[in-house]
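Colleague: Fold the following for me, if possible:
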Amino acid sequence: EVQLVESGGGLVQAGGSLRLSCAASGFTFDDYAIGWFRQAPGKEREGVSCISSSDGSTYYADSVKGRFTISSDNAKNTVYLQMNSLKPEDTAVYYCAAGTVVAWSRTDDYDYWGQGTQVTVSS
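Modeller: I've put the predicted structure just below:
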């Protein structure tokens, strides 16, 4: 059974940091890219970052470049999203997803999704 389990969300003040984790199981981790997406109330789900488990290539949305860092521990089948200098506009439910992607920020390119973890940034 394929599982993606996010953790690490919470409430933080603006300027603070959080680290999200995405633990994957049930598929060959090295064959997939792992992406982080977020969805705020009333808005579409948007791509935040992505990492290729095979070669480590990383991708970021312009809105998080320089603040967020994605990394992967292939031995643990886990991907992390370190989020620094958080802003109120980063408030959303954050999801991780796995897929053999072509366009990293396109939700349709991902086959498996986690349940999400809430991140709330207060001003």
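Colleague: List the contacts of the nearest residue to D90 once chain neighbours are set aside.
Modeller: In space, and not counting its chain neighbours, D90 is closest to V121: 5.2 Å by C-beta to C-beta, 6 or more residues apart in numbering. C-beta: built from backbone N, CA, C; applies to glycine. Contacts here follow C-beta atoms under 8 Å, 6 or more residues apart in numbering; on that basis V121 touches 11-14, 16, 86-91.
Colleague: now, which of these lie within strands?
Modeller: Members of the contacts of V121 lying in strands (criterion: DSSP state E): 11-13.
Colleague: Tell me the buried residues within the residues you listed.
Modeller: The neighbour count (16 or more other C-beta atoms under 10 Å) marks V12 as buried among these.
Colleague: need the ones in strands among the contacts of V121 in a markdown table with distance to T69 and pLDDT, can you?
Modeller: Formatted as a markdown table, these follow (distance: C-beta to C-beta, whole Å; pLDDT from 0 to 100):
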| residue | distance to T69 | pLDDT |
| --- | --- | --- |
| L11 | 21 | 98 |
| V12 | 16 | 98 |
| Q13 | 20 | 98 |
